[in-house]
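Asks: pasted the sequence and its predicted model underneath.
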Amino acid sequence: MKRWILAVSTLVLFITSACFSAGAVSGGDSKGSSDLQYIFQIPNDPYSVTVTLDPTIKAEGTIPTSGGSVSVTGVDGTTYQLDVPAGALVEDTLIRLIPVTQIDGMPFGSNPLAVQVSPEGLQLYGSAILTITPSQSISVDQQIIFGYQGMGENLVLATPVAGSSEIKIQLQHFSGYGVTTGFLADLASVRARLGGDVEARMQSAMAERLGKARQVELLGAEDDSSIDFPVFSKEYIEKVIKPRIAAAGESCAAGRLAVQTVLGWERQRQLMGLSDDSSPSDFDDKGLLETVAVVCMKEEYELCRDQHIIHRIIPAWLGLERQSLLLGATEDGGTTPTLEMAKDYVRRCLTFRLEFHSEGVLNDLNGNIYNSTVDSVIKLQLNTDDISMHAQAPLVNTTFEYKMPGCKVTSNRGGGTFNVKKLIFYSDTHSSTDVVGYVRDFKLVYNPGITSESFTVKCGNSGSYTSPPSAMWNAIFIPLHQSEVNLSDDGWVADTWEILAGDLYAKKEWIKDDAANDITEVGTFKLYHTP
């Protein structure tokens, strides 16, 4: 199976393999594997902690798919830096870091330092690295690295970056992470209550093992552990991975859990230096992905169509594309009929009708007055080739009237072309426990087009005069909206929309005037969701 998910250094592989070889057996039960049986015995009361945040201290930034960093400093001077590599995100994502000011109920260590990383629960397709730099250093042999879900649920140990003298944590998803002062040897009395499910408990056990390997490498400490991970891995495959794969078609949640479990195990397996024999090779990666794609994309489309939840379907589709590549079901740039089906669901979901309306009035220095009204209706649909929405439509000059005192005037309407260059939306969450999220705002980049009104005027006994076609509506619109022109976007930008999240999904209204030039304009954008 072609699952090259994560590069592991030769040094880490050497250390972990050497550490495990003492307890390896050819099969059956062993003391090493029995030491891990607690992982399958889920406690009724897994450890949780109480987390206090100071929302006034936070850092946030939109990280592109090409990667990026966010950092924040807590009130005690501890800094937290998150580095996201290229390919870990399937779309540009708003990421927040909020330092934790207090943690109550920690069953191990003292003086915990932690940070909340959101969006909560976001799954990554490559390991992000969280670097914690305490204001007062913590000795390597006294560093216990931990994580938790939500606001303190299901406390576990987190995976350190082996070989690093800095406190670096490998993140496969976003939640809360930190370090506390203590000894790994003191965890024996509490590890049975770490984690609320088998997967979390398995990852916690492996994180503890990697923490010990890190101390061995950096400090030259002795390591007498003899846990037989290869034997344990077979049991984990039978008791966890295979049942989840079998249930993958029951719902989208079950399907996603199955794929995430397989990918998570692959990451852990490679971190621990386990052989390919420790992977479930008797199931069809492509078949699993097809099952999940059919169930999940249909479910996401129905949420989009019936409840106007538009922001989840692109990550769902791109996640399938990324998973397909990671599991070797497709090559880079490749596709399958199932992935094409997913694209079709995305296109059908992200279909909109944008209505533009503008009424302008101008009084010139000679007492002449004209008003001009324009409308445009633009149909938009996501282009899955470049993940963009753009289109053109006629800019209709619905009314135009030119008035000149004491003269007879015939007014001639003249329209143009309205060009939507880009329409994108920004999603967000209301809190760390908000799993659905919402659309926070839109960004519309557009060129309003050039109108071509004209008029014929006859004053008294003089001959008539017909003006050449002129952009008379633009003479009102452009001065009033010049601050909205963005050169980097090459167009006008409309943001700060009112989000209604129904058939009429969003709107933007304005009234603008310039008393010095005696011009006024009233306008609206209305965005309808039409899946």
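Replies: Yep, it's here. Residues are numbered from 1 along each chain as shown.
Asks: which stretches of the stretch 201-350 of the chain have low pLDDT?
Replies: Within the stretch 201-350 of the chain, the stretches with pLDDT under 70 are 221-232, 270-285.
Asks: tell me which stretches of it form helices.
Replies: Using DSSP state H, counting those that start in this stretch, the helices found in the stretch 201-350 of the chain span residues 229-236, 242-246, 252-272, 285-307, 313-326, 337-349.
Asks: of all those helices, which lies closest to Asp503?
Replies: helix 285-307 (11.2 Å; CB to CB). Placement of C-beta: from N, CA and C, glycine included.
Asks: buried ones in the closest one?
Replies: Applying a neighbour-count criterion of 16 or more other CB atoms under 10 Å, one finds 285, 288-297, 299-301, 303-305 buried in helix 285-307.
Asks: stretch 410-422 now?
Replies: Buried residues in stretch 410-422 (16+ other CB under 10 Å): Ser411, Arg413, Gly414, Gly415, Gly416, Phe418, Asn419, Val420, Lys421.
Asks: quick check: which element contains Asn111?
Replies: Using DSSP states H and E, Asn111 maps to strand 110-118.
Asks: let me fix that, I meant to ask about Lys168.
Replies: Counting by DSSP H and E, Lys168 is found in strand 167-173.
Asks: same thing with Ser376?
Replies: Counting by DSSP H and E, Ser376 is part of strand 369-381.
Asks: who touches the following helix or strand past that strand?
Replies: Moving toward the C-terminus from strand 369-381, the next helix or strand (DSSP H and E) is strand 391-403. The set of residues external to strand 391-403 that reach it, using CB atoms under 8 Å, 6 or more residues apart in numbering, is 356, 368-381, 409, 411-420, 448-449, 451-453, 455, 457, 472-473.
Asks: point out where the stretch 401-531 of the chain drops to low pLDDT.
Replies: Using pLDDT under 70, the stretch 401-531 of the chain drops low at 432.
Asks: for Gly105, grab the count of nearby residues.
Replies: Neighbour count of Gly105, defined by other CB atoms under 10 Å: 11.
Asks: distance check, it against Ile98.
Replies: In this view, Gly105 and Ile98 are 19 Å apart by CB to CB, to the nearest Å.
Asks: repeat for Ala185
Replies: 32 Å.
Asks: try Ser483
Replies: Taking CB to CB, one finds Ser483 at 33 Å from Ile98.
Asks: quick one, which of these two is more surrounded?
Replies: A count of neighbours by other CB under 10 Å puts Ile98 above the other of Ser483 and Ile98, at 24 against 8.
Asks: whichever strand or helix holds that one pairs with which strands, parallel or anti?
Replies: Ile98 is located in strand 93-104, with elements delineated by DSSP H and E. When pairs are called by DSSP bridges, strand 93-104 turns out to pair with strand 50-53 (antiparallel), strand 59-63 (antiparallel), strand 110-118 (antiparallel).
Asks: quick one, domains of the protein?
Replies: Domain ranges of the chain: 43-226, 285-348, 350-529, per automatic domain parsing.
Asks: got a list of what Lys508 touches?
Replies: Counting by CB under 8 Å, 6+ apart, the residues that Lys508 touches are Ala494, Thr496, Trp497, Glu498, Thr524, Phe525.
Asks: any idea which residue sits dead centre in the protein?
Replies: In the chain, the C-alpha nearest the mean C-alpha coordinate belongs to Thr93, at 3.9 Å (CA atoms, centre = their mean).
Asks: show me what contacts it?
Replies: Thr62, Ile63, Pro119, Leu122.
Asks: bridged to it, which residues?
Replies: Ile63.
Asks: per-residue pLDDT, it?
Replies: Thr93 carries a pLDDT value of 89.
Asks: from Ser488, how far out is it?
Replies: Relative to Ser488, and taking CB to CB, Thr93 is found at 21 Å.
Asks: okay, stretch 476-496 in CSV with CA atoms only?
Replies: Taking Å, rounded to 0.1, in the frame of the first residue of the first chain, the C-alpha atoms of stretch 476-496 are listed here in CSV:
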residue,chain,number,x,y,z
ILE,A,476,-21.8,59.1,-10.4
PHE,A,477,-20.7,55.6,-9.3
ILE,A,478,-17.0,55.9,-9.7
PRO,A,479,-16.3,59.0,-7.6
LEU,A,480,-18.5,57.6,-4.8
HIS,A,481,-16.8,54.2,-4.8
GLN,A,482,-13.2,55.0,-5.6
SER,A,483,-12.0,54.0,-2.1
GLU,A,484,-13.2,50.5,-2.8
VAL,A,485,-10.9,49.9,-5.8
ASN,A,486,-8.1,47.4,-4.9
LEU,A,487,-5.2,47.4,-7.4
SER,A,488,-4.0,44.0,-6.2
ASP,A,489,-7.4,42.5,-7.0
ASP,A,490,-7.7,44.6,-10.1
GLY,A,491,-11.2,45.7,-9.4
TRP,A,492,-13.8,47.0,-7.0
VAL,A,493,-14.1,45.1,-3.7
ALA,A,494,-17.4,44.6,-1.8
ASP,A,495,-17.1,43.0,1.6
THR,A,496,-18.7,43.3,5.0
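Asks: give me the distance from that stretch to the chain's centre.
Replies: 28 Å (CA atoms, centre = their mean, to the nearest Å).
Asks: name the residues of it that are buried.
Replies: Result for stretch 476-496 [16+ other CB under 10 Å]: buried residues Ile476, Phe477, Leu480, His481, Gly491, Trp492, Val493, Ala494.
Asks: ok, the last one touching Phe525?
Replies: Looking back up the chat, that one is Ala494. Yes: in this structure, Ala494 is within contact of Phe525 by CB atoms under 8 Å, at 6.0 Å.
Asks: residues shared between the contacts of these two?
Replies: Leu444, Lys508.
Asks: how about Ile39, phi and psi?
Replies: phi -60, psi -30 (degrees, to the nearest 10).
Asks: contacts only, for it.
Replies: Val198, Arg201, Met202, Ala205, Phe232, Tyr236.
Asks: can you put those in TSV and add distance to Ala246?
Replies: Listed next are the contacts of Ile39 as TSV, based on distance: CB to CB, whole Å:
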residue	distance to Ala246
Val198	15
Arg201	21
Met202	19
Ala205	24
Phe232	21
Tyr236	15
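Asks: would you list these in CSV and tack on distance to Pro531 and neighbour count?
Replies: Output for these, formatted as CSV (distance: CB to CB, whole Å; neighbours: other CB atoms under 10 Å):
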residue, distance to Pro531, neighbour count
Val198, 38, 18
Arg201, 41, 26
Met202, 40, 24
Ala205, 45, 23
Phe232, 47, 24
Tyr236, 41, 24
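Asks: quick check, nearest of these to His173?
Replies: Met202 (14.9 Å).
Asks: where do the helices sit along the stretch 51-200 of the chain?
Replies: All helices of the stretch 51-200 of the chain, identified by DSSP H, counting those that start in this stretch, fall at 198-219.
Asks: what's the spacing between the nearest residue to Arg322 once chain neighbours are set aside and Leu320?
Replies: Closest residue to Arg322 apart from its sequence neighbours, by CB to CB, 6 or more residues apart in numbering: Tyr125 at 4.6 Å. Applying CB to CB, the value for Tyr125 to Leu320 is 11 Å.
Asks: closest to Leu257 out of the domains of the chain?
Replies: When these are ranked by proximity to Leu257 (CB to CB), domain 43-226 comes first, at 8.7 Å.
Asks: do you know the pLDDT at the residue lying closest to Thr433 once chain neighbours are set aside?
Replies: Nearest residue to Thr433 in three dimensions, chain neighbours excluded: Gly150, at 5.5 Å (CB to CB, 6+ apart). We have a pLDDT of 90 for Gly150.
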